[in-house]
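Undergrad: Predicted model and sequence below, questions to follow.
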Amino acid sequence: MKKIILTLIAFLFLASYARADYFGYWMDTSTTNLANGATYSSPCIDVSDYKTLNVNVLSSHDSASDGVKIQFYRDSACANLVYSADAGGWSYTAGSLPESYAASVRGEYGKVTYTNGSTLTTSILIYVFATK
């Protein structure tokens with residue numbers, strides 16, 4: 001009986017540690033290729049319980065100039081812009097590793113947009129997640 005109780009206590013301790021160690025929460029993913037100048041737009045995401053909104057991009061071709069945006073809104077329709085966190089212009093440069101962009105939450109809702117450059121993508125992965 002003593003072993004069972006100790007095993008149970010150890011399990012509860014380790015389970016709480018494992019849960020606290022995880023901090024990324026998936027919000028949206030896209031692998032749909034984009035034509036010249038086409039835009040991917042995430043859904044309007046409730047980010048009120050999070051600290052940052054992040055996007056990882058891995059594409060076969062460059063984005064448009066100022067093509068990566070993380071924006072924050074005060075309404076669930078993402079109509080009333082509060083803050084645009086693109087640091088004066090985030091642009092993705094194609095490569096073999098994803099590039100990451102992150103912004104501190106500045107509104108109740110957030111949205112990520114990615115505008116493709118002048119060449120049709122042959123592969124693309126856009127991964128949107130939030131952290132606490």
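TA: Cool, got the structure. The shown structure was predicted, so the numbers you read here are calculated from the model rather than taken from an experiment.
Undergrad: any idea how far the spatially most central residue of the chain lies from N36?
TA: What sits nearest the mean C-alpha location of the chain, by Cα atoms, centre = their mean, is V128, with 2.4 Å. As for V128, its distance to N36 is 23 Å (criterion: Cβ to Cβ, to the nearest Å). Just so you know, the C-beta spots here come from the backbone N, C-alpha and C atoms, and that holds for glycine as well.
Undergrad: One more: N80?
TA: 31 Å.
Undergrad: same question, P43
TA: 24 Å.
Undergrad: which residues does G89 contact?
TA: Applying Cβ atoms under 8 Å, 6 or more residues apart in numbering to G89 gives the contacts S65, D66.
Undergrad: cool, H61 as well?
TA: A94, N116, G117, T119, L120, T121, T122.
Undergrad: Confirm that it sits in a helix.
TA: No: counting by DSSP: H, G, I helix; E, B strand; the rest coil, H61 is not found in a helix; it is coil.
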